[in-house]
Structures are given as structure tokens and as C-alpha cells.
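S.K.: Here's my sequence, what's the structure:
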Amino acid sequence: MKPRLHEHYLKQIVPAMQEKFGIKNAMAVPRLDKIVVNMGVGEAIDDIKIMDKAVEELATITGQKPIVRIAKKAISNFKLKENAAVGCKVTLRKDKMYEYLDRLVNVALPRIRDFNGVSKTGFDREGNYTLGLKEQTIFPEIEADKIHHAQGMDITFVFNRGPKEHTFEVLRLLGMPFSN
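M.R.: Numbering: from 1, shown residues only. Here you go, the predicted model:
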């Protein structure tokens, strides 16, 4: 069974995009390819247990095991050694991607205090959108009592094609709460 948001995309968003932008072929409508969730864990240089906790929390949030990112070069000003663990990331595709987006838009983002919507300026030249969160406690899967320190994350929505205007409209129709 397809996720609710994927069904909504196929049945309502694709025809709406075709009508609004005059796209003749349904396959030419921008489609969400993947969502990449990235956590930079700079504190893990001193204590590897912080990295283990971040990996565990990211796995809980996304439902998929993250890969640990390592430093390619040593930078002495940051006390960074080559091959040291500096972050973790997850790439979500297909059903898990739509389920995560649904939870992010309908559950997690409204839990942010004084939330007025996400910025419209996070689009790059190819039409992909990146959103930064300050802490992981907005997700209901994470218990705030067991958090040692707040950990931010970057969420990138990667599209298969399309200018910014088209991908913005697809995200807006998927329920992304953009600020005015």
C-alpha cells in the first residue's frame, strides 16, 4: 500500500501542476527523488559516545540506519584528525521518504515553539530545497528526558528536475508550511 502523501501527489498534485504551469506530460512534473537527513556532530571528536547517541537518534527519527561520515583531512585549528567521525546521514527514498515527509510536515514542524513557517530561500539552482532544524526534540519519537544535548540537522529535498518555481509549488502542495 502506498503512503498517503504519495497517493495525494499522484492524484491531486500532478494534475494541479499540469494545469497551473501548462505541462502536457505528467512525467515532466517535478518529482521528489530522495530526502537526505544530515547531522553534523562536531562534539564527537572528543567523545565517541556522542556520535553513537546521534546515530541512534537519527535511526529512531528516520526509521533507517544512518551511515557515519568521517573527516577526509586533518584540520589542526579544529582539533580534527583524519578519518575521525564527524557526522551521520540517512538517504530516504520511495515509501520511507513519503512517510518521513508526512511526519515532518504534520507532526514535527508544528511542535516548534513560535513557528511561523519555513524559509522560502532554501532553494538551490537545480530546485532542491534544504531546511535546517536546531534540535531533534521536535520529533515525537525522541524522548526529551533522555537527551544529553540538542543536536541540529539539515534536511535536503532532492527533486528529479524542474525550476525553483515548480519544485516550490510541489512542496507547498505536499503541505510544507512556507512563511509569508
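S.K.: low-scoring stretches of this protein, by residue?
M.R.: Across the chain, residues meeting the criterion (pLDDT under 70) sit at 44.
S.K.: and the next element down the chain from the longest helix seen in it?
M.R.: Criterion DSSP state H: the longest helix present in the chain is helix 48-62. Sequence order places strand 67-70 as the next helix or strand after helix 48-62, per DSSP states H and E.
S.K.: ok now that next one, how far from the chain's centre?
M.R.: Averaging C-alpha positions (Cα atoms, centre = their mean, to the nearest Å) puts strand 67-70 17 Å from its chain's average.
S.K.: and the closest residue to L10 other than its chain neighbours, how many residues sit next to it?
M.R.: Nearest residue to L10, sequence neighbours excluded (Cβ to Cβ, 6 or more residues apart in numbering): K2, at 7.9 Å. In short, each C-beta sits where N, CA and C put it, glycine included. Taking other Cβ atoms under 10 Å as the criterion, the count of residues near K2 is 12.
S.K.: Look up how far F157 lies from K2.
M.R.: 19 Å (Cβ to Cβ, to the nearest Å).
S.K.: Can you report phi and psi for the residue nearest to L10?
M.R.: With angles defined as degrees, to the nearest 10, K2 shows backbone torsions of phi -80, psi 150.
S.K.: quick one, helices of this structure?
M.R.: Under the criterion DSSP H, the chain contains helices at 4-8, 14-21, 48-62, 94-103, 164-174.
S.K.: can you tell me which of those comes nearest to A74?
M.R.: In this view, these are compared for proximity to A74 by Cβ to Cβ, and helix 48-62 is the closest at 17.1 Å.
S.K.: Now for L173: which residues touch it?
M.R.: Neighbouring residues of L173 by Cβ atoms under 8 Å, 6 or more residues apart in numbering: 12-13, 16-17.
S.K.: Relative to P66, how far out is it?
M.R.: In this structure, L173 and P66 are 29 Å apart, going by Cβ to Cβ.
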